[in-house]
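>>> Mind folding the following:
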Amino acid sequence: MARLRHTCRRIVFVSRNVPGVMPHPLKEVQQNPEVVQEMHSNAAHFRFQEGASLVITTLHSAPHIFIEEDGEGGGTDATSLPIRGSLANLLSILAHKLNFTYKLIQPPDKTWGTLTDNGSWTGMVRQVKNQEADIALGVFAPYAERVEAADFTSLFFFDHRCLVAGKGASEIDPWSFLLVLAPAVWASMTGALVACWLSILLFVVTTGHSLPPLLKAETLFLQISTLLNQGVVWRRIMWRERLVLGGWVLIGMVVTWSYSCQLPSLLAVRSIPQPIQSITDFLEDPSLKAVLVPNTYITSVMAQSREGEFYELNKLQGSDRIIMRTQAEFPNVLDNLVRRGDHVILSNTFPLKTAMAQDFSRTGKCDFYLSHQTFFATGHGMIGQKNSPIIPLISRITTYCLEGDFQAAPGEEVELSVPPAAALEVEADFTGLEHSEDYIILGREEAPKIRGTPSPSGGQTTSETLNHSASG
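Numbering: from 1, shown residues only. Down below sits the predicted model:
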């Protein structure tokens, strides 16, 4: 087994295809029946012997993929699209393991993809279905329509959806004295007070005596005075009444002591309002606006709903209460809209937590909160063209990565600058694995091992950089 040192920060995979010869597109390579047969029969060790060129579509999806677009690289057919993140690292492993180069593109509408009313698809799903891209690099939630349009890899990420809203200004709640005791305790104390009072009246009546109305009221007042630690004098009290009142005094003493100990602390603490905890809370406040990512699992469910919260949410589409933004715009939306308190974001929990963490790192303030309500917990995977034999291969390698707990450390993700369909040099940062004493990147014996010696594929290795031959 290989020992991964903290100093081993970069792994460089260098493609060694025949100089001057461009790899053939994947579609042409898969027309060779011998290649397809080997992909099916030798999945554990398959590599494209002469290389292959893939077109891969992707979108910014923190923390899985960060796309740092510049003036020249931000188009949908950019010659260089710098990406970083855990999926960028996974892509470099796939490229090395299967021996392919790739070109990264983005969908023109910058969306994931949903089925429209006319039966066509949008976003990355459309590019894959129309064979404009071989693979969509991202975390896609599977549902019936998507599964019919594209093939999913094995699911490697699980997440649910929720709301994120801005915290209110800190304030002292004038009713906080009621929060010391739970509602059930208040109800029990009230019930015990009434029961004790009625018991005393009943005992007096059974002895043949009668109490005037004023004395009845005085008896109740004296019981309340006991809770307030006031000195009281009981008149006309017999031994049965003494037992009842003694039990009441004991209960009242324990409760009031507990109450008085906690009350100063609660009154000194300022509360921060967090009123939006569910979609219903949003719907009931007409001053709020929701920000959603277009053409996603959530919008698809909204369009298909015929009742309930998401049906009501879907009816707001087209009004000024629903705003569509991409995940790449989340930091700006949090800073300029949600922080004001009149906007919320409805999306996957993990990207929302990432945007909140980035905002905290930048400002040093925690101004947002996640709702208590969560919904739509689903698995996520990448997608490819229907019946493409490369999808099972990708699923197999992805499973190895999951078994090996491969991930990139936050803030230290890889940055790739990928030229289209050419011999490429990919830098992958495997930070976050330095805690492992012994480690194989893909978790199985056929995976490339990290060592300070030449690799089995012929590349030269140092403690800082490992060069592997992509052609084997």
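>>> can you map out the helices along this structure?
With DSSP state H as the criterion, the chain has helices at 26-29, 33-41, 86-98, 123-129, 144-149, 183-206, 213-227, 239-268, 279-284, 297-304, 309-315, 330-336, 349-363, 390-403.
>>> is it possible to export the ones you listed to CSV including mean pLDDT and mean neighbour count?
In this view, the C-beta of every residue, glycine as well, is placed from N, C-alpha and C. Shown next, in CSV, are those (pLDDT from 0 to 100; neighbours: other Cβ atoms under 10 Å):
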stretch, mean pLDDT, mean neighbour count
helix 26-29, 92, 17
helix 33-41, 92, 12
helix 86-98, 91, 24
helix 123-129, 95, 26
helix 144-149, 91, 14
helix 183-206, 81, 14
helix 213-227, 73, 15
helix 239-268, 78, 14
helix 279-284, 95, 17
helix 297-304, 90, 19
helix 309-315, 94, 17
helix 330-336, 93, 17
helix 349-363, 92, 17
helix 390-403, 89, 20
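>>> looking at these, which is closest to residue 169?
With respect to residue 169, and counting by Cβ to Cβ, the nearest of these is helix 349-363 at 15.9 Å.
>>> who's in contact with the closest one?
Contacts to helix 349-363, defined as Cβ atoms under 8 Å, 6 or more residues apart in numbering, come from residues 61-63, 157, 159-162, 164, 327, 330-331, 334-335, 345, 366-368, 370, 374, 410.
>>> and the gap between the residue nearest to residue 149 when sequence neighbours are not counted and residue 91?
Nearest non-adjacent residue to residue 149, counting by Cβ to Cβ, 6 or more residues apart in numbering: residue 129, 4.8 Å away. Separation of residue 129 from residue 91 (Cβ to Cβ, to the nearest Å) stands at 21 Å.
>>> before we move on, the earlier item: arrange the helices of the chain in JSON lines, one row each, with distance to residue 136 as further columns.
As requested, these are exported to JSON lines (distance: least, Cβ to Cβ, whole Å):
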{"stretch": "helix 26-29", "distance to residue 136": "14"}
{"stretch": "helix 33-41", "distance to residue 136": "20"}
{"stretch": "helix 86-98", "distance to residue 136": "11"}
{"stretch": "helix 123-129", "distance to residue 136": "4"}
{"stretch": "helix 144-149", "distance to residue 136": "10"}
{"stretch": "helix 183-206", "distance to residue 136": "51"}
{"stretch": "helix 213-227", "distance to residue 136": "66"}
{"stretch": "helix 239-268", "distance to residue 136": "52"}
{"stretch": "helix 279-284", "distance to residue 136": "28"}
{"stretch": "helix 297-304", "distance to residue 136": "14"}
{"stretch": "helix 309-315", "distance to residue 136": "25"}
{"stretch": "helix 330-336", "distance to residue 136": "20"}
{"stretch": "helix 349-363", "distance to residue 136": "17"}
{"stretch": "helix 390-403", "distance to residue 136": "11"}
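>>> Contact partners for residue 67?
Taking Cβ under 8 Å, 6+ apart, we find residue 67 in contact with 58-60, 81-83, 106, 328.
>>> switch the cut-off to 10 Å
Residues counted as contacts of residue 67 (Cβ atoms under 10 Å, 6 or more residues apart in numbering) are 58-61, 73-74, 78, 81-85, 88, 104, 106, 328.
>>> Dig out what it forms beta bridges with.
Note on residue 67: beta-bridge partners residue 83, judged by DSSP bridges.
>>> got the buried residues for stretch 375-383?
Of all the residues in stretch 375-383, those buried under the rule 16 or more other Cβ atoms under 10 Å are 375, 378, 380-383.
>>> which two from these end up farthest apart in space?
Going by Cβ to Cβ, the pair spanning the buried residues of stretch 375-383 furthest: 375 and 382, at 23.5 Å.
>>> For the stretch 1-150 of the chain, just list every one of the strands.
In the stretch 1-150 of the chain, the strands defined using DSSP state E, counting those that start in this stretch lie at 11-14, 53-58, 66-67, 83-84, 101-105, 135-140.
>>> by contact count, what packs against the fifth one?
Secondary structure elements in contact with strand 101-105, counted by 3 or more Cβ pairs under 10 Å, 6 or more residues apart in numbering; DSSP states H and E, are strand 53-58, helix 86-98, strand 135-140.
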